[in-house]
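Visitor: Sequence and predicted model, in that order:
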Amino acid sequence: MQVRNGKLAGGSGWHAPTLPHVESHGHASRPRQSRPVPAGPGRAPPIDLGGPTKRETLRRDDDGGVVVSHPEQHRGRWRPRLDRPALVALLIGLAGVVYRLVLTLYTVPVSNSDEATFGLAALHIGQGRERPIFLYGQHYMGMLESYLAAPLVAVAGPSWPVLRLPMLALYAVFLYLIYRLTRRLCTPWFAVFVVGLLALGPERVVRDQLTVVGGRPEVKPAVLLMLLITVGLAAGTIRRRRLAVAAFGLLVGLAVWSDWLILPYLAVAGLALVWAARRELLGWSGLLLVAGAVVGVAPMIVDNLRAEPGADSLSVFREISTKAGPLPPWSERIRGGLLEGVPLAHGLCPVDGCGRWQQWFGVLYPVLLVAGAVLAVLAYRRAAGSRGERVGPVVQLALVAGAGLTLLSYVRSPLAATSPLDNARYLSVLQLSLPAVLWPLWVAALTAWRGTSSVLGRFTGALSTAVLVALTATTLVITVFFAASGTAASRTEERQARELAAALRANGPHEVYGDYWTCNRLIFNTDETVICGVLDGDLSPGQNRYRPYWRQVGSAQRPGYVVEVGSPMDRRLRRLLADRADAAPVREVGGYRVYHPDTPVRPWR
């Protein structure tokens, strides 16, 4: 197969829009040398990640739309005017943010004790009581989200909307950055399409974007910014190159500290940077890259220096990567990863699982990865020799490789087969590769609709169009279904949790025992007025992430017990109370039963 004049020579006559050098407006053209703009007095020159120049005129892009923003000078002020794709993307992005803001205000998806642990850490940080490096009770999962929320929690007090507001801001940044990157690599209207898909959000998707459970909301914008820096360095549009390289290293360090799931994307982004600026990295830029990474990962380094043997990051990473019991066959793990995990991560299924008609995207996903890699290689080969023209295909290859490595690491785990619904959240980072995965479909559909391909090409284009329409329609239907009827259960559970917190805060007891999914949420809801110690179902000590809480309840003279009505803990407690079960003060609040016996029941002592 050969490439001639932008066409794939062969039996189909099918051709793709030119990929080699795509400027910020998505229009492939000859490289243009821009004249540097001097910095004003007392003002640092801006870092350009690919925006238009002031002399840019309105032109038609590959999709028939008006190109990029048109800057204007008006009384000494620079005012960008959005083109049609940028305006549509802005409106769609705002709709996605507003939709998630409404969910945030109603605490949908429902909160839980894992999220409450991050909230309590934010409360402690704001009060100056703690400076946690990792999530309480473990030696991984950085606390960057708690530090982001700490100022808001310190000012407004603990509440779920306040805790989640930084996640909403990170989602908005993610949308903006993926639009900018997709527009640079592909075309403006394709970037709008990607933003439209990411603006939708059923429960599995918005849970990963809005809840404060560590890692994923912040590492995705970090990777996108790293790739934009790589594009800018290769294209020569970044003026302070050493500063940009240092920022790249800082983002790498912060991402490593925050969430190890992003390691495959960090690896491919690092390779793309080496390709784009390999000579510079042999000098001061390389030292600044390392220095930035060390600063970003410094909290992890400090923790490792203090950690006991076996509690360092490498030991913990090795432990969580190898434990899990019997290993299911590869076929079951691949089936769970592709047919359940991939559709769930992209919003094609409700949170309780995928039907057969929703699993088609998982089957198609590896094919799209291969097609995306082939298109990127072809674009790289037909590009001119400059890095500025070849950086687009290189970044697309990085996105494809990042998705492939993430998926491979996921299906290596037994959890891909044994618990695909609970663990599909680990594939949420695949959203980073959505532009590279869907680009082959867009190219085929666009070529067919323009009538520039053979019969086989038109058939392929019609099939690609159908896939894009089906993907959009399915995501939209699942999102509407969730927004219309899927939030009721979350709101009911949240209301019951608030009722329990209000009752205990007003009337006590203020030191209680409960299960894991009750305790930390209860503590957060009461602003630590009620302290809870975690017990397992057999009333033995459970997973107490923050030990001071356990010690405080353990020293209480007359602790209470908060259990779900009819739960194993409820039945076990009644058996231990025996004749005192009816005599002990008992009341039911919000689906919970609160016991307050005269003498404590601590069977583990």
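Guide: Great, that's in hand.
Visitor: what does stretch 554-567 contact?
Guide: Residues outside stretch 554-567 that contact it (CB atoms under 8 Å, 6 or more residues apart in numbering): 500, 504, 508-509, 511-515, 518, 522, 532-533, 537, 553, 569-570, 573, 588, 591-602. Bear in mind the C-beta positions are built from the backbone N, C-alpha and C, glycine included.
Visitor: Only C-alpha atoms, please: export it in PDB.
Guide: C-alpha atoms of stretch 554-567 as PDB (Å, rounded to 0.1, in the frame of the first residue of the first chain):
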ATOM      1  CA  GLY A 554     -12.300   2.500  72.300                       C
ATOM      2  CA  SER A 555     -11.900   4.700  75.400                       C
ATOM      3  CA  ALA A 556     -15.600   5.700  75.500                       C
ATOM      4  CA  GLN A 557     -17.400   4.500  78.700                       C
ATOM      5  CA  ARG A 558     -20.700   3.900  76.900                       C
ATOM      6  CA  PRO A 559     -20.400   3.700  73.100                       C
ATOM      7  CA  GLY A 560     -23.300   3.200  70.800                       C
ATOM      8  CA  TYR A 561     -23.700   0.900  67.800                       C
ATOM      9  CA  VAL A 562     -25.000   2.000  64.400                       C
ATOM     10  CA  VAL A 563     -26.000  -1.000  62.200                       C
ATOM     11  CA  GLU A 564     -28.200  -1.500  59.200                       C
ATOM     12  CA  VAL A 565     -31.500  -3.000  60.100                       C
ATOM     13  CA  GLY A 566     -31.400  -6.800  59.600                       C
ATOM     14  CA  SER A 567     -27.700  -6.900  58.700                       C
END
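Visitor: how far does that stretch sit from the chain's center?
Guide: Centroid separation for stretch 554-567 versus its chain: 37 Å, with CA atoms, centre = their mean, to the nearest Å.
Visitor: again, but for stretch 346-357
Guide: Taking the mean of its C-alpha atoms, stretch 346-357 sits 19 Å from the chain's own mean (CA atoms, centre = their mean).
Visitor: tell me the helices in the stretch 51-200 of the chain, going along the chain?
Guide: With DSSP state H, counting those that start in this stretch, the ranges of helices along the stretch 51-200 of the chain come out as 84-105, 113-127, 144-156, 160-185, 188-199.
Visitor: Domain map for this structure?
Guide: Domain assignment for the chain by automatic domain parsing gives 85-106+159-307+330-486, 491-595.
Visitor: State the mean pLDDT of the shortest one.
Guide: Pointing back at domain 491-595 there. Averaged over domain 491-595, pLDDT sits at 92.
Visitor: list the helices and strands the host helix or strand of Arg505 packs on?
Guide: Using DSSP states H and E, the element containing Arg505 is helix 488-507. Packing contacts for helix 488-507, counted by 3 or more CB pairs under 8 Å, 6 or more residues apart in numbering; DSSP states H and E, involve helix 516-525, strand 560-564, strand 586-589, strand 592-595.
Visitor: Show me which of the ones you listed has the highest average neighbour count.
Guide: helix 516-525 (a mean of 24; mean count of other CB atoms under 10 Å).
Visitor: any idea how far the closest residue to Leu471 other than its chain neighbours is from Leu576?
Guide: Of all residues not flanking Leu471 in the chain, Phe361 sits nearest, at 6.6 Å (CB to CB, 6 or more residues apart in numbering). Remark: distance between Phe361 and Leu576 (CB to CB, to the nearest Å) = 51 Å.
Visitor: between those two, which one's more packed in?
Guide: Using other CB atoms under 10 Å, the more surrounded residue of Phe361 and Leu576 is Phe361, with 23 against 14.
Visitor: The more buried one against Leu468, yeah?
Guide: No. When contacts are counted by CB atoms under 8 Å, Phe361 is not listed as touching Leu468 (11.2 Å).
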